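[1] return a 3D structure for these sequence lines:
(one chain, ligands or ions: 1)
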Amino acid sequence: MKKNRVLLVGFIIMVTMSLVLVGCGGSDSNSQTPSNSNQEPAPTPAPSNEDNPAASIGEQVNYEIIGIDPGAGLMAATRDVIEQYGLSDWKLVESSDSAMTAALKRAYTNQQPIIVTGWTPHWKFSSFDLKYLDDPLNIYGGDEQIHTLARVGLQADHPSAYKVLDNFFWEPGDMADVMVLIEEGMNEVEAAADWAKNNADKVNVWIDGVDKVDGDKLNLAYVAWASEIASTNVIANALEQVGYNVTLQQLEAGGMFAGLSGGSSDAIVAAWLPTTHEAFYERFQADFEDLGPNLDGTRIGLVVPAYMDIDSIEDLK
Ligand code: PBE
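    As a prediction, this is how the structure comes out:
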């Protein structure tokens, strides 16, 4: 009995001590809590806005750049920008021209920060006060031109179409006017017809002296970018004035070039050069004829509302 009692006492002492130890441990790990209980939850060591406005812009926009369709040259250039400027925290969100501009419109209406992949000509610059971020590494390239490309053999098969396409040239402001009509709700075919009617002097320069045809079929490929929707519908209108029966085929950027080189489309008026579509141009060069620029003075880059306190891609770091 005595031995058992000693064991029991010993056992009780052991249990008590271990409880005390656990209690100490518990109170130890909690010992910071009382003195901290009036403070905010652990702050992320974020630099203050004054010291580092760029970090704060990253946080404000969730380190997201709102992009467009993944095949666009602008997207390839932006992936390059993220790499070359060391923006590994940043994500390029794939969407489309219409989804990107919808996000831009929403942010702009609420005066919220947003960074998008943008280009000129585009109606968004008519509707919103926007600015390009400086690109000191010049990855987006400077001013560009939009070229008209025809499939090999178009001149022999459809000489009148070839002539009109070769003559096609207009100004960024013309293209923007068509884009604005469409953005304001006009159907794209009607917007092109409206512009062509009000700018008959310009259209006549492309079609005057070209032999008429009688419903010959032509296929033009384009991508669903506001700028290319405008230009492709306008040149289609001009070709229809000469008598062509024109079908427009909407494709991805790569498909547009591939279709041209495979001969399934007759022409495109949507090749942004020398930078944006350089890779496509080089890949398919043997299979199309470059009819030269139809527009001068385009630009691509990162675009933000003018109210944002940021000026350069370097500030995103
Ligand atoms: N864009 C509009 C195209 C060319 C025309 C700038 C979105 C691109 O990035 O491929």
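
[2] Trp170: neighbour count?
    Around Trp170 sit 24 other residues, with neighbours defined as other CB atoms under 10 Å. C-beta here means a position set from N, CA and C on the backbone, and glycine is covered the same way.

[3] oh sorry, the question was meant for Glu228
    Here the number of neighbours of Glu228 (other CB under 10 Å) works out to 22.

[4] distance of it relative to the ligand?
    Per CB to the nearest ligand atom, to the nearest Å, Glu228 is found 6 Å from the ligand.

[5] which residues are in contact with that residue?
    Neighbouring residues of Glu228 by CB atoms under 8 Å, 6 or more residues apart in numbering: Tyr222, Val269, Ala270.

[6] same check, this time on Pro159
    With CB under 8 Å, 6+ apart as the criterion, the residues that contact Pro159 are Asp211.

[7] measure it to the ligand for me?
    Computed with CB to the nearest ligand atom, the distance linking Pro159 and the ligand is 28 Å.

[8] and the pLDDT for that residue?
    What the model reports for Pro159 is a pLDDT of 98.

[9] now swap in the one 10 residues further on and tell me
    Confidence at Phe169, expressed as pLDDT, is 98.

[10] correct me if wrong: it contacts Asn294.
    Yes. The pair Phe169 / Asn294 is scored as a contact, 5.3 Å apart, by CB atoms under 8 Å.

[11] the more surrounded of these two?
    Taking neighbours as other CB under 10 Å, Phe169 and Asn294 compare with Asn294 leading, 23 against 16.

[12] the ligand contacts on the stretch 1-150 of the chain?
    Ile68, Ala72, Gly73, Leu74, Trp119 (CB under 6 Å from any ligand atom).

[13] what about the fourth one, neighbour count?
    Neighbour count for Leu74, taken as other CB under 10 Å: 26.

[14] need the helices for the stretch 201-317 of the chain, in chain order.
    All helices of the stretch 201-317 of the chain, identified by DSSP state H, counting those that start in this stretch, fall at 226-241, 253-262, 278-284.

[15] ends of stretch 182-195, what's the gap?
    Distances were taken as CA to CA, to the nearest Å; on that basis the terminal residues of stretch 182-195 are 11 Å apart.

[16] what do you get for stretch 164-174?
    Distance across stretch 164-174, first residue to last, is 17 Å (CA to CA).

[17] so how far is it off the chain centroid?
    For stretch 164-174, the gap between its own C-alpha mean and the chain's C-alpha mean amounts to 24 Å (CA atoms, centre = their mean, to the nearest Å).

[18] repeat for stretch 191-211
    Averaging C-alpha positions (CA atoms, centre = their mean) puts stretch 191-211 31 Å from its chain's average.

[19] which residues touch it?
    159-160, 163-164, 167-170, 174, 177-178, 181-182, 186, 230, 233-234, 236-238, 241-242.

[20] any idea which of the helices of the stretch 201-317 of the chain is most buried?
    Mean neighbours per residue, mean count of other CB atoms under 10 Å, is largest over these for helix 226-241, with a mean of 24.

[21] so it versus helix 253-262, what angle?
    30 degrees (axes from the mean of the first three to the mean of the last three CA atoms, to 10 degrees).

[22] between the contacts of Glu228, which sits nearest Leu130?
    When the contacts of Glu228 are ranked by distance to Leu130 (CB to CB), Ala270 comes first, at 22.4 Å.

[23] and Ile182, how many residues sit next to it?
    Here the neighbour count serves as a burial measure; for Ile182 (other CB under 10 Å) it reads 20.

[24] that one and Ser227 touch, don't they?
    No. Because the distance of 10.5 Å does not satisfy CB under 8 Å, Ile182 is recorded as not touching Ser227.

[25] what helix or strand is Asp69 located in?
    Here Asp69, judged by DSSP states H and E, is contained in no helix and no strand.

[26] quick one on the thing from earlier: in helices, which of the residues of the stretch 1-150 of the chain next to the ligand appear?
    Among those, the members found in helices (DSSP state H) are Gly73, Leu74.

[27] this completes my enquiry, with thanks.
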